[in-house]
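> Dropping a prediction and its sequence here:
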Amino acid sequence: MASKPKYPVYIISKGRWENPLSALSFLKSDIEFLVAVEPQEYDLYARKLGSSHILKLPFSNLGLGSYPARNYCWEHAKKLGYKYHWLFDDNIRGLCKWINGRKTMIDNCCDGLLFVETYTEKNNIDINGFEYRYFVAKPPKRPFKLNCHVYSALLIKNDLPYRWRLKYNEDIDLCLQVLHNGGSTASCVYYMTNKTSTVAKMKGGNQTELYQGNKAEKNLLKAKMLETVWPQYVKTVIRFGRHHHLIDWRQFNKNY
């Protein structure tokens, strides 16, 4: 039997009780987890996954994106006395791993989570996690990237003085809070998340509250919001035919 993750696993989800990808992946791996959901959707998620896997949030439809739910999970883990907690988006189909020079889907996620936990504890990393599989083009020379943006699957130190706070690009903002103040982040490129594109393929989540309307205006708003908070690190540029934020993460290498 595979060893289980040491730290609690949370998933934030909204409007995806019919196909909760991350939760289903963890069920297959026999990993304990809690899905944080708003009260009006509690019964729907409980019928799909069982009430023991559901954490009912004390608020609904705030229109602020996911950061209030993320902070609620953080405080929940902190009250339980854990040093770290895992926080996953709800659209992850499991993990990939480099095997014989190829990215290969693995049946059990436990090894990947334990791999990240061990490295995090050994090196006292503030935020660690997994890179997206489509961002890793070839077998890496080292298993982790250091002091970089961590996406969608994060292992967070609970005693950090920072919190989630932005409506858009909240993961970038949290990593910048850590790195700006001399902390450390890492992202595993040996194990990777197999994440589904929410904008293109999945309903629910933040699609209704945050991303409906003029796409060009939303892209500009997202980039400018981040640039306003972090003008020393972020520039708004045109990339891939749209407005996008630009950050040179290499400037934080000196932190490690």
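Thanks, I have it.

> from here on, contacts and neighbour counts on C-alpha atoms
Will do.

> need the helix or strand of this protein with the lowest average pLDDT.
helix 198-201 (a mean of 49; mean pLDDT, DSSP states H and E).

> Look up phi and psi at the spatially most central residue of the chain.
With distances taken as Cα atoms, centre = their mean, Ser152 lies nearest the centre of the chain, 2.0 Å away. Backbone torsions of Ser152, given as degrees, to the nearest 10, read phi 60, psi -20.

> Thought Asp89 was touching it, still the case?
Yes. With contacts counted by Cα atoms under 8 Å, Ser152 reaches Asp89, the gap being 5.2 Å.

> check contacts around the residue nearest to the centre of the chain.
87-89, 171 (Cα atoms under 8 Å, 6 or more residues apart in numbering).

> With respect to Lys195, which of these is nearest?
For the contacts of Ser152, the residue nearest Lys195 by Cα to Cα is Asp89; the value is 8.9 Å.

> shouldn't that closest one be in contact with Ala153?
Yes. Taking contacts as Cα under 8 Å, Asp89 lies within contact range of Ala153: 6.5 Å.

> more neighbours, these two?
Ala153 (26 against 22; other Cα atoms under 10 Å).

> now that one: how far from Leu95?
Going from Ala153 to Leu95 by Cα to Cα, to the nearest Å gives 11 Å.

> now do Arg250
Taking Cα to Cα, one finds Arg250 at 26 Å from Leu95.

> Same drill for those two, tell me which one is more crowded.
With neighbours defined as other Cα under 10 Å, Arg250 and Leu95 compare such that Leu95 has more, 25 against 10.

> Quick check: bridge partners of that one?
Thr193 (DSSP bridges).

> show me what contacts it?
105-106, 109, 112, 191-194.
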